[in-house]
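Asks: What follows is a predicted protein model with its sequence.
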Amino acid sequence: MIQRKVERIIRPQAVSDGAGVKENRRHPCRCHADSVALVRMSPNSPEKDKCIKMDNMNTANLIGGLVFGSIGVAAFIYGKKQASYKPMVIGILLTAFPYFVQNAALLYMIGILLVLALFLFRD
């Protein structure tokens, strides 16, 4: 049921202009590409239709973000309890960087380097 609603929103709709001619109406930002979804907001919202770009929504990025984010939170908590700034800073970096890296290979390389930095730079 939800899938049908999303398909109905994303597909261009044929609209009659009154003279019997039908045209396809698209969202102004032409967001009906594969990597962009059209999301319906509340009717009272100034942005009724909002385009959300979903380039980095693949399984590798989601799992990498979850794993490195979890390690980062644990490192931050450890650093806070031990009053050591190095694990705290590396923990913040591990938690935040998956939001900014879209390439899965680069995400895993940076994550592994930061996890190694946890062990190399301990007190």
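Replies: That came in fine, so what should we check first? Everything numeric here is computed off the predicted structure, so don't read it as measured data.
Asks: quick one, helices of the chain?
Replies: 2-10, 59-82, 85-96, 104-120 (DSSP state H).
Asks: buried stuff in the longest one?
Replies: Going back to what we said before, that points to helix 59-82. By 16 or more other C-beta atoms under 10 Å, the buried positions in helix 59-82 come out as 61, 64, 65, 68, 69, 71, 72, 75, 76, 79. Placement of C-beta: from N, CA and C, glycine included.
Asks: pLDDT on that helix, on average?
Replies: Throughout helix 59-82, pLDDT has a mean value of 94.
Asks: For it, which helices and strands make contact with it?
Replies: Where contact means 3 or more C-beta pairs under 8 Å, 6 or more residues apart in numbering; DSSP states H and E, helix 59-82 is packed against helix 85-96, helix 104-120.
Asks: Could you export the ones you listed as JSON lines, including mean neighbour count and mean pLDDT?
Replies: As requested, the helices and strands packed on helix 59-82 are exported to JSON lines (neighbours: other C-beta atoms under 10 Å; pLDDT from 0 to 100):
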{"stretch": "helix 85-96", "mean neighbour count": "18", "mean pLDDT": "95"}
{"stretch": "helix 104-120", "mean neighbour count": "15", "mean pLDDT": "95"}
